[in-house]
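> Give the three-dimensional model of this entry:
(one chain, ligands or ions: 1)
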Amino acid sequence: MDSTDVYDEYFNQSRIETEEDFQNQELLWCDECTTNGIHLTSEDDLIDHGFNPSEAPYGICISCAIDYGKLQDENLDKNDYTNTEFFHQVGHKTLAMVLKRRKLTDQEVSDGLERQKSIGYYRDFSNKYKLKSLYRSAITEERYRKMSPPYFVGNRLRYHGIERFHSVGTDDLKSNYELAKMKVEKHVEPPESEVERPTPMEFRRDWFDSLIDSFMLHEMDNNGRPNKRLAYALICTYLHKSWDWNNVEPFWVFARRMSIGNIQLMRKMNDWINPITNYHIAQIESLSIEPSLQTITNLVGIIVDHSHDVLIGDEESQQLIQASANLLKRLRKMEINIPKGNGNETKSLLEHIHSTMKFKNTFSIQNYEFFAAGSIEALCISYCAGSILGLERRNVLHRKFLFPKLNGFPWWKKELTSDAVRIIENFDKIIGRLQT
Ligand SMILES: [Zn+2]
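The predicted structure follows:
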């Protein structure tokens, strides 16, 4: 990551369409550090540093408040870069500069590019902040709010109070993180290194901290090329939450609620970091996870939180989970014969459906096949919604949320294999036959 990204970041915040827009572009400016500081613009970050967002409408610069003595203190964890102890403070307020917005002269722009010659730990430290700011602004506040569940979204200190935050135990955290946690179940034990982290709960749940490795990789790979941070961040989020928490949903559901088109997604998928890193491969492979009570519960959680056309109550959501899990059980028990070679192969109906639920080759990253994770769960939930929510609400949920068809021929139908599309279209009939 280099200093041009700082400019990049602010150019992204407004429309630059003509040369004139470019000339008139205003940049964030700190009277001490000019354009090169660590600029915090999100409300949560301001509150962490003791600022009321209204007193700093363009955000604050915290580079000028860094306590370099603390940064060299071996006892403080430099990875916890959001720890406000690293900054000179009065009370709980960081001695940061309030940012201004102004047009820069050509000289100031080139001076700015020349600055930032910092090295070592300071560079690492401030890069993490900048990285966070880059990706948070790329996805925008509105999308960020939709990251929950499963990510924890909001301000950590606001929930705990600053003193409590430093002394809080895991059990205390449970009640505070109830909302963020309850909707996500996980049966797989976290790896040992995670268990050993001092504050596993909020660290694991934070969106940026969960994805920082992927973001760093992207910035290193992306040098000098047009960035596609929004699409990259969303694809990484989708892969991460499916892999780490079995928090699956159909890709098209995620894309739609994150307001991103498939063209934008596929462009990024075709322009992935080459060679693809091993953990991205593992994440893509994890999309083939078999549906379970857990994945159904997670998808119902997403529906309850994000399907604004159909509001679902607590009791209804419990019924949906139960009925869908029962349906899944029946799919697993039902055996069918599939012609294979000269004979037949016996499989469970679930196994058969699961093996067909894939995207075509065109929807892949470097030829790693994408399973349509979450689609069987979506089919079961939609089917069961008929008797639990009534047909009218069920149809709205189906057509507007789970299998949206709002703009003519939906992209997901185009990108799925024809076998998958056939099953999605005939699922109700298949289950109907099962009943008799
Ligand atoms: Zn500054």
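> going forward, measure contacts and count neighbours with C-alpha atoms only.
Noted.
> how near is L327 to I431?
9 Å (CA to CA, to the nearest Å).
> So between those two, which is more surrounded?
L327 (18 against 15; other CA atoms under 10 Å).
> what sits against that one?
Each residue near L327 by CA atoms under 8 Å, 6 or more residues apart in numbering is listed here: C380.
> for the ion, what are the nearby residues on the stretch 301-436 of the chain?
When proximity is defined as CA under 5 Å from the ion, the stretch 301-436 of the chain does not approach the ion at any residue.
> same check, this time on the stretch 51-200 of the chain
C61, S63, C64.
> PyMOL command for the buried members of these?
To isolate the buried ones among those in PyMOL, judged by 16 or more other CA atoms under 10 Å, type:
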select buried, resi 61+63+64
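> now, which of the residues of the stretch 51-200 of the chain next to the ion sits nearest V310?
Nearest to V310 among these is C61, at 42.6 Å by CA to CA.
> what's the closest non-adjacent residue to the closest one?
H39 (4.5 Å; CA to CA, 6 or more residues apart in numbering).
> swap in C33?
C33 sits nearest to C64 (CA to CA, 6+ apart), 6.7 Å away.
> Then H218?
I273 (7.0 Å).
> Is that neighbour part of a helix or strand, or is it coil?
Under DSSP: H, G, I helix; E, B strand; the rest coil, I273 falls in the coil class.
> ok, it to the ion distance?
33 Å (CA to the ion, to the nearest Å).
> Ok, W252 next?
For W252, the distance to the ion (CA to the ion) stands at 42 Å.
> so where does that residue fall, helix or strand?
When elements are assigned from DSSP states H and E, W252 belongs to helix 251-257.
> Show the average pLDDT along that helix.
Over the span of helix 251-257, the pLDDT mean works out to 96.
> List the buried residues in stretch 345-361.
By neighbour count on 16+ other CA under 10 Å, the buried set for stretch 345-361 is 347-354, 356-360.
> pLDDT below threshold where in the stretch 201-350 of the chain?
Residues of the stretch 201-350 of the chain meeting the criterion pLDDT under 70: 201-204, 223-226.
> residue boundaries of the helices in it?
207-221, 229-245, 251-257, 262-269, 278-285, 293-306, 314-333, 349-356 (DSSP state H, counting those that start in this stretch).
> Quick one: closest of those to K414.
Closest to K414 of the helices of the stretch 201-350 of the chain, according to CA to CA: helix 262-269, at 10.6 Å.
> Now do that closest one: which elements does it pack against?
Applying 3 or more CA pairs under 8 Å, 6 or more residues apart in numbering; DSSP states H and E, we find helix 262-269 packed against helix 229-245.
> tell me the angle the helix it packs on makes with helix 207-221.
Going by axes from the mean of the first three to the mean of the last three CA atoms, to 10 degrees, helix 229-245 is angled at 130 degrees with respect to helix 207-221.
> Which elements pack onto helix 229-245?
Helices and strands touching helix 229-245, by 3+ CA pairs under 8 Å, 6+ apart, are helix 120-145, helix 207-221, helix 262-269, helix 278-285.
> follow-up on the earlier one: who's in contact with the helix holding W252?
Y238, G261, N262, H306, A372, A373, G374, F401, L402, F403, P404, W412.
> Can I get that helix in CSV, CA atoms only?
Output of helix 251-257 as CSV, limited to C-alpha atoms (Å, rounded to 0.1, in the frame of the first residue of the first chain):
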residue,chain,number,x,y,z
PHE,A,251,-24.9,-15.8,-3.6
TRP,A,252,-27.7,-13.9,-5.4
VAL,A,253,-29.4,-13.1,-2.1
PHE,A,254,-26.2,-11.7,-0.6
ALA,A,255,-25.5,-9.7,-3.8
ARG,A,256,-28.9,-8.3,-3.9
ARG,A,257,-29.0,-7.2,-0.3
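> buried residues in that helix?
Buried-residue list, helix 251-257, by 16+ other CA under 10 Å: F251, W252, V253, F254, A255.
> likewise stretch 395-407?
Neighbour-count burial for stretch 395-407 [16+ other CA under 10 Å]: N395, V396, L397, H398, K400, F401, L402, F403, P404.
> With stretch 52-67 instead?
Buried residues in stretch 52-67, defined by neighbour count with 16+ other CA under 10 Å: P53, A56, Y58, G59, I60, C61, I62, S63, C64, A65, I66.
> In contact with I381, which residues?
By CA under 8 Å, 6+ apart, I381 lies in contact with I296, V300, L320, I321, A323, S324.
> What is the burial count for the first one?
Using other CA under 10 Å, the number of residues around I296 comes to 27.
> ditto for the fifth one
Other residues near A323 number 19, with proximity taken as other CA under 10 Å.
> any idea which helix or strand carries the closest residue to it other than its chain neighbours?
Once flanking residues are discounted, A323 sits nearest to C384: 6.2 Å by CA to CA, 6+ apart. Assigned by DSSP H and E, C384 belongs to helix 375-389.
> And for whichever helix or strand comes after that helix, what's in contact with it?
Helices and strands here follow DSSP H and E; after helix 375-389, the next one along the chain is helix 391-396. The contact list for helix 391-396 (CA under 8 Å, 6+ apart) reads D309, V310, S382, A385, G386.
> Counting only helices, which of the buried residues of stretch 52-67 make the cut?
Using DSSP state H to define helices, no part of the buried residues of stretch 52-67 is located there.
> of all those residues, which comes closest to K333?
K333 lies nearest to P53 out of these, by CA to CA, at 56.5 Å.
> Could you pull up the residues touching the closest one?
Taking CA under 8 Å, 6+ apart as the test, what P53 contacts is E43, L46, I47, G59.
> Which one (most neighbours) among those residues?
For the contacts of P53, counting by other CA under 10 Å, the largest number of neighbours falls to G59: 27 neighbours.
> I'd guessed that one sits against V98; true?
Yes: using CA atoms under 8 Å, G59 is in contact with V98, at 6.3 Å.
> Mind listing what's buried along the helix holding C384?
Result for helix 375-389 [16+ other CA under 10 Å]: buried residues 375-386, 388-389.
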